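**Student:** compute the structure for the input listed below.
(2 chains)
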Amino acid sequence: MSAPGKTEPTETITRAKAGDGEAWGQLYREYAPAIFRFCRRALATREDAEDATMEVFMKLRDKLGQYDQSRSFTAWLYKVSANHCWDTLRRRRIRQDKETEDVDSVPLEHPDPSQLDRLIEQRTSEEVRKALDTLGARARMALVMRYYSDMSYDEIADALGVRRAFVGVVLLRARHELRRALAGKSLLAAGGAS
Amino acid sequence: MNHLDEMTCLLYLERQLDRARAQEVSAHTQDCAACRTLLRALERESRLLTRAMFEDEEALPARLAEFQERAKRSLQWIWALAFGLAATGAYALYTGYIEPWQVKLEQAGFGGTNLLSLLVFQGAFWKGWQSMITLLEVVALLTLAGVGVAFFRRRIRRSSVLALVLAGFCAVLALAPAASAAEFRRGQSVEVLPGETIKGDIFLFGDRVRIEGTVDGDAYAFSQDVTVSGHVTGDVIAFAHTLRIGGKVDGNIRTALNTLIVTGSVSKNALIFADYANLDPSGKIGGSITAFAQSLNVEGKLGRDILIFSEHIGISGTVGGGIQAKGGTMSIGATGEVDGPVRFEGKNPPEVSSGAKLASPVQYTKWEHKPEYLNKHYYIWRTIWTAALILFGLVLFMSLPEFGRETISAAEQFGAPIGLGVLVFFGVPIAAVIACITVVGIPLGILALGIWFLMLCCAELVVGAVVGSWILGRGGSSWEIVGRMALGFVVVRIAYTFLAQVHVLGLLGGLGIWMWGMGAISLAFYRRFQPVIAPGSPSGPFTPPLPPNTTVGGVQPA
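**Tutor:** Residues are numbered from 1 along each chain as shown, chains lettered A, B, ... in the order given. The predicted structure is shown next:
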């Protein structure tokens, strides 16, 4: 999960690890916008995302010593952010459990491929973002981890605390939830590929 | 033909199938248009998701844009202030107290190398403690200056601030300790002879000490037996078995001894740690008496009040003010006269002679060792106060929701708010009092004290809000935050009710809560005064670090 066209700021990280304030500032300036956007997608409100971004970087300051420089810094940073956001969401357990239970209890619908294709074609990015905001915490988190930060199934399983084999199900359920939000409750329920 | 299920298609697109299964899927999609369409739709859905998440380049909020600089600056500010105060305090302590006393004690034969004797005697000199106010003044002024610089920093150039701070430090360090002439006398029997005048302070060490002449300064006596029959224009500080004041003392007397007898006159106050203290019928103390004694008898004339903790207090003279006494017994004789209220908390009811002249009857409270927590009123009042403070917090939060959120957010950081809280908790009242007396004026001092007190009232609520968010998770809406604050506050109050029964822990817990909460409020205040970067301003040489790898599919379907 390296960033194409972008080299890892190895030297800056080394200096930041050694306590160089300027290097730390450089890392912050470079990565804060991406992490903010990640948190913005994963969490419900802009305020939560701002808080989370600050907290992630404060955590990072303590954890930077643990970072193994043979791995991708960006991937590691997203992993820290994902864990933090998921912890934040998990702390709001009561509401979240309700959401996920509701979603999990809905059986997976089998979409009509043509209808799905048309739906995807017709939707704009803005509509998708709005729909994302209406999803349950776990569904949103899973989609953000996979399609924003490009985390592997193993990393997603680790962050969400589920078995790896279940990650596909989580992602598929999340997509279905998203489609329902995009298309109305039962647009894709009718018909099937078989 | 059996079609592929959606999960298989998704896993295939995401390269999660093993090679054999992926080849099967690939082969199937060569012939099946419906499955190809499904795969294409899923792939487009993935791309749409990625695009949607990466588009909408929201500018980094100003709060985040300034966060790194701010965190850095705020830490620098706190550490600079803390180290500055510590350095100044250490320097002032050494030059103002330790060094001169070391010299004096060496002259007196105690030697500067004996740290214990140095500490014991320095600690015992009450006059020295009084002088500590000077040090506190310096610390408080520096705190005030720090707050002032933080407040006005937007209007002052960095170099000017640096120059100002450096100049301030130079001024403080350049203040030489006041030159003091002191005389030391040691021997079996030490005297200030009649007709002799000592200019400045005098230190007297011996088995017997007599001051029959004049001391134009303070007199310090360490002896078995001390008699002051002359005139001391300053204070008398004595550590002795017996002290007799038969002459005239223009200042205060401060003593730790076995027996004190005052037959002369003391113009100001008396602080007494003694077994037995007696103000004779001919004796007079112009100010008040604060005493911790086994027994105190006032037969002479006292100008003002008595505050005493003793086994017995007897009044047969005149007391110009009131009496606040706690102890075993109290008796007021027929010749006794008290012009103010008398409150006595003791084991036995006071014995008041019918001839005694009292401004009002003695208010007696039976001294019971019943712990506070066994009293039901304690719980009723705590409940009432808890409810009132929650209501207060609710009103405050609804009035200033943004500031409330910032304060709670600041409180979650622990280190900085507690550090700042220590400074604010001690520094602001001192600075405010000094402002009232000397520096800027009464309104500013009163305002600062008012804000300090308000912060003190809110501190527990802030801590409650943090504890509440630990329990229920962070709240989003205002009502959720208020709910968490109320819950956390109740939890803190209950925990503190138990903690308070353990004296030292209760004190430390209370101070900790106050400092934590006050520090968080101060930190939020401080952040409000920070320069704000416009939301649209560039935040650095950022290029999106991660256009994620959205390549899908192992073998692309036809």
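
**Student:** which helix in chain A runs the most residues?
**Tutor:** Secondary structure of chain A per DSSP state H: the longest helix is helix A:21-42.

**Student:** touching chain B at all, that one?
**Tutor:** Yes. Helix A:21-42 lies within reach of chain B by CB under 8 Å from any CB of the partner chain, at A:21, A:24-26, A:28-34, A:36-37, A:40-41. In this view, the C-beta of every residue, glycine as well, is placed from N, C-alpha and C.

**Student:** give me the buried positions along the helix or strand following that helix.
**Tutor:** Remark: after helix A:21-42, the chain's next helix or strand is helix A:46-63, criterion DSSP states H and E. Using 16 or more other CB atoms under 10 Å in any protein chain shown as the burial criterion, the residues of helix A:46-63 that qualify are A:47-57, A:60.

**Student:** over to stretch A:32-48?
**Tutor:** Buried residues in stretch A:32-48, defined by neighbour count with 16+ other CB under 10 Å: A:32-44, A:47-48.

**Student:** just stretch B:51-67 next, same as before
**Tutor:** Neighbour counts over stretch B:51-67 (16+ other CB under 10 Å) mark B:52-54, B:60-67 as buried.

**Student:** looking at the residues of helix A:21-42 next to chain B, which is nearest chain B?
**Tutor:** Distance ranking of these against chain B, using CB to the nearest CB, places A:R29 first at 2.8 Å.

**Student:** how confident was the prediction at that closest one?
**Tutor:** In this model, A:R29 is scored at 85, pLDDT.

**Student:** now A:V106
**Tutor:** pLDDT at A:V106 comes out at 51.

**Student:** now swap in B:V190 and tell me
**Tutor:** In this model, B:V190 carries a pLDDT of 90.

**Student:** for B:A486, give me its contacts.
**Tutor:** B:390, B:393-394, B:464, B:468 (CB atoms under 8 Å, 6 or more residues apart in numbering or on different chains).

**Student:** any figure for the gap between the nearest residue to A:R61 once chain neighbours are set aside and A:K59?
**Tutor:** Closest residue to A:R61 apart from its sequence neighbours, by CB to CB, 6 or more residues apart in numbering or on different chains: A:W24 at 7.1 Å. Between A:W24 and A:K59 the distance is 13 Å, computed by CB to CB, to the nearest Å.

**Student:** just the angle between the longest helix of chain A and helix A:46-63, please?
**Tutor:** Relative orientation of helix A:21-42 versus helix A:46-63 (axes from the mean of the first three to the mean of the last three CA atoms, to 10 degrees): 140 degrees.

**Student:** downstream neighbour of the lowest-mean-pLDDT helix or strand in chain A in the secondary structure list?
**Tutor:** Using mean pLDDT, DSSP states H and E, helix A:93-105 stands out as the lowest-scoring helix or strand of chain A, at a mean of 48. Per DSSP H and E, the first helix or strand lying C-terminal to helix A:93-105 is helix A:113-122.

**Student:** give me the below-cutoff pLDDT ranges for the chain.
**Tutor:** Since you didn't name a chain, this refers to chain A. Chain A contains residues with pLDDT under 70 at A:1-7, A:92-110, A:184-194.

**Student:** not quite, I wanted chain B
**Tutor:** Using pLDDT under 70, chain B drops low at B:1, B:56-58, B:66-181, B:368-374, B:436-441, B:475-477, B:503, B:529-558.

**Student:** can I get the buried residues of helix A:46-63 in a markdown table including distance to chain B?
**Tutor:** Output for the buried residues of helix A:46-63, formatted as a markdown table (distance: CB to the nearest CB, whole Å):
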| residue | distance to chain B |
| --- | --- |
| A:E47 | 7 |
| A:D48 | 7 |
| A:A49 | 9 |
| A:E50 | 5 |
| A:D51 | 6 |
| A:A52 | 10 |
| A:T53 | 6 |
| A:M54 | 5 |
| A:E55 | 8 |
| A:V56 | 11 |
| A:F57 | 7 |
| A:L60 | 11 |
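
**Student:** of all the residues you listed, which two lie farthest apart?
**Tutor:** Using CB to CB, the buried residues of helix A:46-63 reach their maximum pairwise distance at A:E47 and A:L60, which is 20.3 Å.

**Student:** what about whatever residue of the stretch 301-450 of chain B ends up closest to chain A, how many residues close to it?
**Tutor:** At 6.1 Å from chain A, B:S409 is the closest residue in the stretch 301-450 of chain B, using CB to the nearest CB. By other CB atoms under 10 Å in any protein chain shown, the residues close to B:S409 number 23.

**Student:** got the CA positions of the helix or strand hosting it in PDB?
**Tutor:** Assigning secondary structure by DSSP H and E places B:S409 in helix B:401-411. The C-alpha trace of helix B:401-411 is given here as PDB (Å, rounded to 0.1, in the frame of the first residue of the first chain):
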ATOM      1  CA  PRO B 401     -21.200  25.500  23.700                       C
ATOM      2  CA  GLU B 402     -18.100  25.900  21.500                       C
ATOM      3  CA  PHE B 403     -16.000  27.000  24.400                       C
ATOM      4  CA  GLY B 404     -17.400  24.200  26.500                       C
ATOM      5  CA  ARG B 405     -16.400  21.700  23.800                       C
ATOM      6  CA  GLU B 406     -12.900  23.200  23.600                       C
ATOM      7  CA  THR B 407     -12.500  23.000  27.300                       C
ATOM      8  CA  ILE B 408     -13.500  19.400  27.500                       C
ATOM      9  CA  SER B 409     -11.200  18.600  24.600                       C
ATOM     10  CA  ALA B 410      -8.400  20.300  26.400                       C
ATOM     11  CA  ALA B 411      -9.100  18.400  29.600                       C
END
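
**Student:** other SSEs contacting it?
**Tutor:** The helices and strands touching helix B:401-411, judged by 3 or more CB pairs under 8 Å, 6 or more residues apart in numbering or on different chains; DSSP states H and E, are helix B:415-437, helix B:442-472, helix B:478-499, helix B:503-528.
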